[in-house]
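Chemist: Using only what follows, build the 3D model:
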Amino acid sequence: MSTPHHAPSPVPALSPALAGMLEGFRPGGFAPAPSLEQEARAALPAYARALAPLPHAELARVIEEFAEMLNAGVANPLPGVALQLRCVAFVAACAGVPALAWRGPAVHRALVAFTFFPSAAQLVALLEAQCGLARVTYGRLKLLVAEADTRQARARAQAVRWAQWERLSATRAVYNSVDNVDYSKIRPESDHNHK
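Modeler: Below is the predicted model:
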């Protein structure tokens, strides 16, 4: 079984700071440091690729090799036609399984987990379980980035509101409660000199 095409682009290793933040991440909390936000944005595409299913042709090839190796390691190996039919069922059942599940350790885990040749449901359950942590991390990364985008949009909207307010209030006198001065009653210096 050749492994090069079984190794899709793996998910990137996150920095300890980002991994720790994601572990306890709750939407609506404090904003992350800009460096952590940039790291999260950079990691999202790799997670999306790793959690996307393999193309049908590649999946069929991977499953055929996978099933041959698995067939050699179980107590009840399937004969040729039965193995091919099981491969067809595996392709149909595994159509939505992330590419990440098919990396090198998948065969090892299947050989250790199954004494007898597995059903399609058993194989899908094993493969999906391998992707659980990556799915959780991807979901939290998406939340973190979406929340950062919302914060930025709110900050831009607030800046626009402040600019509008400053334009409108520049022509009107403003009472400054801190200095207890009503600037509408103070005349400019030029008015005092002419009287």
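Chemist: quick check: longest helix of the chain.
Modeler: helix 132-170 (DSSP state H).
Chemist: Neighbours of P12, how many?
Modeler: 14 (other CB atoms under 10 Å). Quick note: C-beta positions are derived from backbone N, CA and C, even for glycine.
Chemist: does it count as helix, strand or coil?
Modeler: Recorded secondary structure, P12: coil (DSSP: H, G, I helix; E, B strand; the rest coil).
Chemist: Quick check: phi and psi on it?
Modeler: Backbone torsions of P12, given as degrees, to the nearest 10, read phi -70, psi 150.
Chemist: Check whether it really touches L44, as I assumed.
Modeler: No: contact between P12 and L44 fails when scored by CB atoms under 8 Å: they sit 9.9 Å apart.
Chemist: that older thread, buried stuff in the longest helix of the chain?
Modeler: Across helix 132-170, burial judged by 16 or more other CB atoms under 10 Å covers A134, T137, Y138, R140, L141, L144, V145, E147, A148.
Chemist: for stretch 25-38, same thing?
Modeler: For stretch 25-38, by 16+ other CB under 10 Å, it's F25, P32, L36, E37.
Chemist: Show me the residue sitting in the middle of this structure in space.
Modeler: Y138 (2.8 Å; CA atoms, centre = their mean).
Chemist: That one and L18, how far apart?
Modeler: 13 Å (CB to CB, to the nearest Å).
Chemist: per-residue pLDDT, A159?
Modeler: Here, the pLDDT recorded for A159 equals 92.
Chemist: Please disregard the earlier target; I meant W102.
Modeler: W102 carries a pLDDT value of 88.
Chemist: swap in G139?
Modeler: G139 carries a pLDDT value of 93.
Chemist: can you give me the strands in this protein?
Modeler: When assigned using DSSP state E, the strands of the chain occupy the ranges 175-176, 181-182.
Chemist: Which pLDDT value goes with N193?
Modeler: 53.
Chemist: Equivalent analysis for G73, please.
Modeler: Confidence score, pLDDT, at G73: 89.
Chemist: Quick one: neighbours of the nearest residue to it once chain neighbours are set aside, just the number.
Modeler: Excluding the flanking residues, the one nearest G73 by CB to CB, 6 or more residues apart in numbering is L111, at 4.5 Å. The local packing of L111 (other CB under 10 Å) involves 14 other residues.
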